[in-house]
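Engineer: below are the sequence and a predicted model for it; my questions follow.
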Amino acid sequence: MRRRLPHSLPPWLSHALRAQRAPVPWPGVVRGALAGGPLLLVAVLAGRPSSGVLLALGTLLAGVIDRPGPRLAAVSRLGGPALAGAVGMALGSFVGGALPTGVLVACVFAVLGLLGGAFSAVGPVASSAGTQFLVTVAIGAGMPLPEPGWQRALLFAGGAGWLILLRVVLPSPVRTKGLGYLYDGERAGVASVYEAVAGLLDAVGGAEAQARRVALTAALDQAQDALRRGRSEATRRLRRQYAAALPLAEAATALAWAGEPVPARAGEGPRRLAAAVRSGEAPGALPAPVRADAGLRALDEALLRAAEAFDGAGDQEPSARRRASAGQLLRRVAGPAGREYGVRVGLSFGASAAVAQALHPLHWYWLPATAVFLVKPDLGPLASRALCRAAGTVAGAVLFAGLAAVLPDPLGLVALVAVCGALIPIATRHFAAQTAVVTVLVLSLVMVGGEPQASWSRITETLLACAIVLVAGHLPLPGGHRGGGVRVRLAVAHDAAHAYVRHVLSESGGDTRGTGDARDVRDARDARAVKGTAGAKGVDRHGRWALRREAYRTLAQARAAVDLAAAELPVLARHSDGSRHKTVVLERLVDATTACAVQVDDTGRVPEQHAERIGVLLAELAA
């Protein structure tokens with residue numbers, strides 16, 4: 001949830017001022033306090049402060065991307081970027097020691113930025129890995145440390161590994177019967193799906209129905225990601241419970257599309273199932289809705305199947321999403337989004353390295369490392385990122401200057417590192433707050449490592465990095481086109497939606513060769529098929545649910561890309577005009593198709609109302 005701001009502000013400014021609302025992640029706070037500070041203290045007491053700095057840097061970069069969720073999945077989500085950071089530390093140390101500072105190093109940085117930026121387009125974990133790789137390249141090349149490159153890499157990886165170990169072994173404050181603390185993130189993800197289904201049922205017929213449907217999609221996406229790993233009995237049980245939620249989500253979406261209010265007791269069953277997931281207990285008797293129409297009948301049947309799944313029977317667990325092949329990954333790297341992002345990262349990284357070496361030949365790593373974070377689109381629109389980074393750095397540098405004047409060196413600074421580590425999970429609600437906390441932490445590490453207090457030069461270098469990234473982000477690229485990332489996301493969502501439509505119409509026995517023509521949909525409405533019971537001939541419910549999940553998932557990703565583009569400065573935002581309308585039409589098409597699927601299960605035919613609506617939406621997309 002985000003704080004709402006007056007609509008009179010321009011989108012790029014309102015985005016910069018917007019903060020997330022969320023409960024305090026106490027487990028993350030505890031991990032942050034136990035991560036960098038204790039390691040740094042041990043190293044200082046052992047007379048190796050520079051080694052402690054590298055260990056703490058590993059915990060810092062791992063802690064910045066640590067989020068609540070499944071702890072077993074965190075091993076790869078945090079471990080992959082940590083390994084990339086260790087490689088970057090070793091490579092940067094070699095570059096800094098083997099090459100003379102100046103134009104040659106800047107050129108090497110530009111090439112590395114191009115490669116790291118293009119790889120970051122593969123996905124969220126790749127984005128974190130690419131960023132950590134480039135940041136540690138800058139630190140390894142420019143930060144004066146006595147350790148050789150291989151030791152720096154091992155110490156950095158050791159610090160990240162310590163945080164990952166804390167992430168896995170620290171128990172959850174809430175124990176659950178039969179599941180154990182290792183699966184608290186997966187359990188919470190599945191429970192949130194049932195709660196989102198109940199919330200959508202409560203909102204049917206009201207103004208909040210569409211927002212609740214979007215929240216249900218987000219909950220399904222998060223739970224699906226959480227359950228991708230693990231082969232234990234607890235994981236298989238949670239997968240069965242997640243699979244049982246898919247027909248409930250389908251029925252709730254169909255009821256929301258119809259728009260007729262449902263009885264208040266309709267949401268009670270999913271809520272009891274959510275409580276059963278959280279507690280590990282049996283859900284008990286589930287209140288059945290009145291079977292007044294196709295949507296309510298589908299909801300009742302889905303509740304019965306869910307009760308069987310919670311008893312250990314019912315439908316088998318869904319197969320995990322297929323991982324992208326090496327060819328698909330390469331296509332993403334070399335695709336439009338990868339090329340454009342890689343070029344802009346390369347320009348920013350190389351130019352900032354050149355400027356930094358000209359200004360501070362001995363301590364020049366801050367500026368290129370700052371530019372790498374600034375250029376990341378994951379952190380918001382470009383203008384918002386630059387504004388928040390500048391404000392956060394100024395606030396953090398001023399605060400550190402005051403604290404450094406009164407805190408004892410080095411133990412006071414070690415305590416400051418521990419406090420900042422605990423604050424990072426809270427500060428992630430706003431990029432400026434996160435920047436301020438990280439600035440205080442990094443300046444503390446730099447001072448413990450033997451460098452002089454450098455608050456004011458850090459402010460200057462950050463402002464320079466903001467200027468470089470703003471210029472690189474607005475440069476027109478030869479052969480490129482603006483809004484490419486949005487168009488790619490919309491194309492993927494368009495294909496997924498049409499695949500779902502074709503599958504549902506094929507279940508009714510209709511001709512699906514032309515899903516772009518309303519006439520083809522009308523031809524399908526009177527086609528007869530075997531009535532839709534699970535496992536009946538001609539009906540593949542598991543396949544249909546998988547296609548519906550993919551359609552909604554890709555639509556959510558497209559909507560996020562459109563929202564991000566709309567909050568850019570007008571010179572960039574105008575390149576994505578019309579994209580929001582297309583996402584709305586696609587969402588209506590998938591909603592209507594879901595309602596149609598429920599009717600096909602109930603009657604074996606496509607109703608005229610649904611055929612007409614799907615045809616109109618397809619024609620609007622084709623136009």
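Structural biologist: Right, received. Where do you want to start?

Engineer: CA atoms for contacts and neighbours, from now on please.
Structural biologist: Fine.

Engineer: least confident secondary structure element in the chain?
Structural biologist: In the chain, the helix or strand scored least confidently by mean pLDDT, DSSP states H and E is helix 518-524, which has a mean of 46.

Engineer: shaky segments in this structure?
Structural biologist: Counting by pLDDT under 70, the chain contains low-confidence ranges at 1-7, 172-181, 289, 312-326, 478-484, 508-539.

Engineer: circling back: which strands or helices does the next helix or strand after the least confident helix or strand of the chain pack on?
Structural biologist: The helix or strand immediately downstream of helix 518-524 is helix 541-566, counting by DSSP states H and E. Packing partners of helix 541-566 (3 or more Cα pairs under 8 Å, 6 or more residues apart in numbering; DSSP states H and E): helix 209-226, helix 484-507, helix 570-573, helix 579-603.

Engineer: can you point out the buried residues in helix 541-566?
Structural biologist: 541-542, 544-545, 547-559, 561-566 (16 or more other Cα atoms under 10 Å).

Engineer: so what's H503 closest to, chain neighbours aside?
Structural biologist: Nearest non-adjacent residue to H503, counting by Cα to Cα, 6 or more residues apart in numbering: R544, 6.7 Å away.

Engineer: distance of that neighbour from S506?
Structural biologist: Computed as Cα to Cα, to the nearest Å, the R544 to S506 distance reads 11 Å.

Engineer: and what of Q210?
Structural biologist: Q210 sits 27 Å away from S506, going by Cα to Cα.

Engineer: secondary structure element for G346?
Structural biologist: Assigned by DSSP H and E, G346 falls within helix 336-359.

Engineer: next one: L145
Structural biologist: L145 is part of no helix or strand, with elements assigned from DSSP H and E.

Engineer: for it, phi and psi?
Structural biologist: Note on L145: backbone dihedrals following degrees, to the nearest 10 are phi -130, psi 150.

Engineer: and the closest residue to it other than its chain neighbours, what are its phi and psi?
Structural biologist: For L145, ignoring the flanking residues on the chain, the nearest one in space by Cα to Cα, 6+ apart is S50 at 6.5 Å. Torsion angles at S50 (phi, psi; degrees, to the nearest 10) stand at phi -70, psi -40.

Engineer: report all helices and strands that the helix of greatest length in the chain contacts.
Structural biologist: Ranked by residue count and defined by DSSP state H, the top helix of the chain is helix 71-98. Other helices and strands packing on helix 71-98, by 3+ Cα pairs under 8 Å, 6+ apart, are helix 49-64, helix 124-142, helix 149-169.

Engineer: what comes up buried for the shortest one?
Structural biologist: Just to be clear, that refers to helix 49-64. By 16+ other Cα under 10 Å, the buried positions in helix 49-64 come out as 49-64.

Engineer: please compute how far that helix lies from its chain's middle.
Structural biologist: 24 Å (Cα atoms, centre = their mean, to the nearest Å).

Engineer: the inter-axis angle of it versus helix 149-169?
Structural biologist: Computed by axes from the mean of the first three to the mean of the last three Cα atoms, to 10 degrees, the angle separating helix 49-64 from helix 149-169 equals 40 degrees.

Engineer: CA atoms only for helix 49-64, dumped as CSV, please.
Structural biologist: Output of helix 49-64 as CSV, limited to C-alpha atoms (Å, rounded to 0.1, in the frame of the first residue of the first chain):
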residue,chain,number,x,y,z
PRO,A,49,39.7,-3.7,9.8
SER,A,50,40.0,-3.7,6.0
SER,A,51,38.9,-7.4,6.0
GLY,A,52,35.9,-6.4,8.1
VAL,A,53,35.0,-3.7,5.6
LEU,A,54,34.8,-6.3,2.8
LEU,A,55,32.8,-8.7,4.9
ALA,A,56,30.4,-5.9,5.8
LEU,A,57,30.1,-4.9,2.2
GLY,A,58,29.0,-8.4,1.3
THR,A,59,26.3,-8.3,4.0
LEU,A,60,25.2,-4.8,2.9
LEU,A,61,24.6,-5.7,-0.8
ALA,A,62,22.9,-8.9,0.1
GLY,A,63,20.8,-7.1,2.7
VAL,A,64,19.6,-4.4,0.3
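
Engineer: what comes into contact with that helix?
Structural biologist: With contact meaning Cα atoms under 8 Å, 6 or more residues apart in numbering, helix 49-64 is reached by 32, 35-37, 39-44, 78, 81-82, 132, 145-147, 152, 155-164, 421, 424-425, 428, 445-446, 448-450.

Engineer: in PyMOL, select just the buried ones from these.
Structural biologist: To isolate the buried members of the contacts of helix 49-64 in PyMOL, using 16+ other Cα under 10 Å:
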select buried, resi 32+35+36+37+39+40+41+43+44+78+81+82+132+145+152+155+156+157+158+159+160+161+162+163+164+421+424+425+428+445+446+448+449
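
Engineer: burial of L475, as a residue count?
Structural biologist: Residues within reach of L475, counting by other Cα atoms under 10 Å, total 10.

Engineer: no, scratch that, I was asking about A592
Structural biologist: A592: 23 neighbours (other Cα under 10 Å).

Engineer: export the helices and strands packed on helix 71-98 as JSON lines, with columns for distance to P23.
Structural biologist: Below are those laid out as JSON lines (distance: least, Cα to Cα, whole Å):
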{"stretch": "helix 49-64", "distance to P23": "17"}
{"stretch": "helix 124-142", "distance to P23": "23"}
{"stretch": "helix 149-169", "distance to P23": "19"}
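
Engineer: show me where the stretch 251-400 of the chain has helices.
Structural biologist: Counting by DSSP state H, counting those that start in this stretch, the stretch 251-400 of the chain has these helices, from start to end: 268-279, 294-310, 326-334, 336-359, 366-374, 382-406.

Engineer: need the winner for burial among those helices.
Structural biologist: Of all those, helix 366-374 carries the top mean neighbour count, a mean of 27, counting by mean count of other Cα atoms under 10 Å.

Engineer: show me what that one is in contact with.
Structural biologist: 131, 134-136, 138-139, 345, 348-350, 352-353, 356, 382, 385-386, 389, 458, 461-462, 464-466, 468-469.

Engineer: next one: F431 from V486, what distance?
Structural biologist: F431 is 23 Å from V486, where distance means Cα to Cα.

Engineer: what of L304?
Structural biologist: Taken as Cα to Cα, the span from L304 to V486 is 41 Å.

Engineer: how about P261?
Structural biologist: 35 Å.

Engineer: cool, A493 as well?
Structural biologist: Look at A493 and V486: by Cα to Cα, they are 11 Å apart.

Engineer: overlap of the contact sets of these two?
Structural biologist: Common neighbours of A493 and V486 are listed as A558 (criterion: Cα under 8 Å, 6+ apart).

Engineer: tabulate the CA atom coordinates of the helix holding G346 in PDB.
Structural biologist: Extracted in PDB, the C-alpha atoms of helix 336-359 (Å, rounded to 0.1, in the frame of the first residue of the first chain):
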ATOM      1  CA  PRO A 336      15.500  -4.600 -27.500                       C
ATOM      2  CA  ALA A 337      15.300  -4.100 -23.700                       C
ATOM      3  CA  GLY A 338      18.700  -5.800 -23.100                       C
ATOM      4  CA  ARG A 339      20.400  -3.700 -25.800                       C
ATOM      5  CA  GLU A 340      18.900  -0.400 -24.700                       C
ATOM      6  CA  TYR A 341      19.500  -0.900 -21.000                       C
ATOM      7  CA  GLY A 342      23.000  -2.300 -21.600                       C
ATOM      8  CA  VAL A 343      24.000   0.800 -23.700                       C
ATOM      9  CA  ARG A 344      22.700   3.200 -21.100                       C
ATOM     10  CA  VAL A 345      24.500   1.400 -18.300                       C
ATOM     11  CA  GLY A 346      27.700   1.200 -20.300                       C
ATOM     12  CA  LEU A 347      27.500   5.000 -21.000                       C
ATOM     13  CA  SER A 348      26.800   5.800 -17.400                       C
ATOM     14  CA  PHE A 349      29.400   3.500 -15.900                       C
ATOM     15  CA  GLY A 350      32.200   4.500 -18.300                       C
ATOM     16  CA  ALA A 351      31.500   8.200 -18.200                       C
ATOM     17  CA  SER A 352      31.300   8.300 -14.400                       C
ATOM     18  CA  ALA A 353      34.500   6.300 -14.100                       C
ATOM     19  CA  ALA A 354      36.300   8.800 -16.400                       C
ATOM     20  CA  VAL A 355      34.900  11.900 -14.500                       C
ATOM     21  CA  ALA A 356      35.700  10.300 -11.100                       C
ATOM     22  CA  GLN A 357      39.300   9.500 -12.000                       C
ATOM     23  CA  ALA A 358      39.800  13.100 -13.200                       C
ATOM     24  CA  LEU A 359      38.500  14.500  -9.900                       C
END
